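How does the following fold in three dimensions:
(2 chains)
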Amino acid sequence: MASPLQQFEIKTIASAHVGGVNISFTNSSLFMLIAITAITAFLVIGVRKRAMVPGRLQSLAELSYEFIAGLVRDNVGHAGRAYFPFIFTLFMFILFCNTIGLIPYTFTVTSHIIVTFALAAVVFIGVTIIGIARHRMKWFSYFFPPGAPLYMAPLLVPIEVLSYLARPVTLSLRLFANMMAGHTMLKVFAGFVIALGLFGVAPLVILIALYMLELIVAVLQAFVFTILTCLYLHDALHLH
Amino acid sequence: MTGRDPDRPERPLSDLRARIARLRARDAEAKVGRSGRADISGSGVVLRVGIELVGTLAVGVAIGWGLDRWLLVVFFFLGAAAGVLNVYRAVSPIGLAPGYRPDGDADRDAGGEGPGGGTDEKR
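Next comes the predicted model:
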C-alpha cells in the first residue's frame, strides 16, 4: 500500500536553476496553471454570450461574481470596492485549487504550507501597507484597544502586536491543515478499501461520505480565507 | 432578470437607469456592521481554535528565540496571551479587531477613558 503522504510529493517536470534558485516547473506549478486556465475559461466562456437571460454557465459566473461582490460590500463596505478584483481572484484561485485537487490523480496545490503562506503573506503585507498609507501614524493606534486604561499599554500593546503578527500564520495554517488532513484521511480510507477486499464495502461507504465532507471543506475553506481577508481589509480601512 | 419572479413580472427596460441608481444608493449607504458579518464560527471550531492558539504561540516563541534567550521567556507568555486573545476573537461575535466590546457600544460609553487612550497613541 502506498503511503498516504505520497500524494503530496513535489515532482519536477522541467528543471530550471537561475542563480542558485530552484525555479523548476513542478506538478505544483502545473496544477496552479491548470487552475488559472480553468478559472479564465470558466469566466470568459461563461459571459461570452452576454445573454439577457443567462444560461447555466453564465449564471454560475454571475453568481460567483455577485457572491464575492456582496461579501466585499457587507464586510469591507463601500471603500472595499477598489479591492474587489484582488479578493475575487484570491477566492477563485483557492476554490479552484481546492476542488481540482479532489479529482483523483491530481495534485492539491493548497496542501502545501508554502503556497498558503505565500497567499497569506501577500494579504498580510498588502493590508498593512493599505492601513499605513491610509491612516499614517494613526494606524499604530490599532494596537491599543479603545477604552483600555493607559497604564495597561506596556502589556496590551505587545499582545496586540503579536496577535496581529500571528494573522498570516493562522490564516495559512488553517487552509493548509484542512486540505492536508482531509486528503490524508481520504487516502487512508482508500487504502482500507483495497486491503479489506470484500469487506472493503464498509470503508467505501465512509469514503464516499468523507469525500462529500471534503467537497464542503474545499469550498468552505476558500470562503473562510476570503472572508478573513475581507475582515483584515475592513480593519485596515476603518481601524477600530 | 429571468422574469420567473412572480412578484416582478417583465419590467420595461425604460426605468433601468433609475433602478441602477437606486441600487447604487443602497450600496453606498449600506452600513458595515460587525453584526452583519457572515457567521464562520460554526464549522470546524475545534481545529480553528487549536490553530489560533498554537499558531500565535509559535509566532511569539519564534520572535523571542530570534531576539534573546531571556526574552524567549517573556515572549512565550506574551504569545500565549495573544493566542488566548485570538481564540476569544475567533469564537466571539465581536470579530477580529482589537477592542473588547461590539461596535454598537461606542467608546463614549466607557466614560471618556477610551478617546483619551486613543489620542495618546496617535502621537
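
Low-confidence stretches in chain B?
Within chain B, the ranges that satisfy pLDDT under 70 run B:1-12, B:27-44, B:93-123.

so what pLDDT did A:L71 get?
In the prediction, the pLDDT value recorded for A:L71 is 90.

hang on, it in a helix?
Yes: when the secondary structure is assigned by DSSP: H, G, I helix; E, B strand; the rest coil, A:L71 falls within a helix.

who's in contact with it?
The contact partners of A:L71, taken as Cβ atoms under 8 Å, 6 or more residues apart in numbering or on different chains, are A:87, A:226-227, A:230, B:38. Heads up, the C-betas are built off the backbone N, CA and C, glycines and all.

how much space between it and A:Y232?
13 Å (Cβ to Cβ, to the nearest Å).

cool, A:L171 as well?
For A:L171, the distance to A:Y232 - Cβ to Cβ - is 8 Å.

re earlier: widest-spaced pair of the contacts of A:L71?
Looking at the contacts of A:L71 by Cβ to Cβ, the two members farthest from one another are A:I87 and B:A38, with 13.8 Å of separation.

out of the two, which sits in the more crowded spot?
Just comparing A:I87 and B:A38: by other Cβ atoms under 10 Å in any protein chain shown the higher neighbour count belongs to A:I87, 22 against 14.

so which strand or helix has the more buried one?
helix A:84-100 (DSSP states H and E).

does any part of that helix sit near chain B?
No: using Cβ under 8 Å from any Cβ of the partner chain, helix A:84-100 stays clear of chain B, with a minimum separation of 12.1 Å.

in that helix, what counts as buried?
Within helix A:84-100, the residues that qualify as buried by neighbour count (16 or more other Cβ atoms under 10 Å in any protein chain shown) are A:84, A:87-88, A:90-100.

To what extent is A:M32 buried, counted in neighbours?
When counting by other Cβ under 10 Å, one arrives at 19 neighbours for A:M32.

Tell me the pLDDT of the closest residue to it other than its chain neighbours.
Spatial nearest neighbour of A:M32, excluding adjacent residues (Cβ to Cβ, 6 or more residues apart in numbering or on different chains): A:V109 at 5.4 Å. Per-residue confidence (pLDDT) for A:V109: 93.

pretty sure A:V109 is in contact with A:V115, am I right?
Yes: with contact defined as Cβ atoms under 8 Å, A:V109 counts as touching A:V115 (5.4 Å).

Name the residues contacting each of the two.
With contacts taken as Cβ under 8 Å, 6+ apart, A:V109 and A:V115 have A:S28 as neighbours in common.

who's more crowded, the two?
Taking neighbours as other Cβ under 10 Å, A:V109 and A:V115 compare with A:V109 leading, 25 against 20.

low-confidence ranges in chain A?
Residues of chain A that meet the cut-off, pLDDT under 70, sit at A:1, A:240.

residue at max distance from the center of it?
Among the residues of chain A, the one whose C-alpha is farthest from the average of all C-alpha positions is A:Y151, by Cα atoms, centre = their mean at 39.4 Å.

Doesn't it lie inside a strand?
No: A:Y151 sits outside any strand when classified using three-state DSSP, being helix.

Roughly how far does it sit from A:Y142?
Using Cβ to Cβ, which is the criterion applied here, A:Y151 is 19 Å from A:Y142.

Sounds good, over and out.
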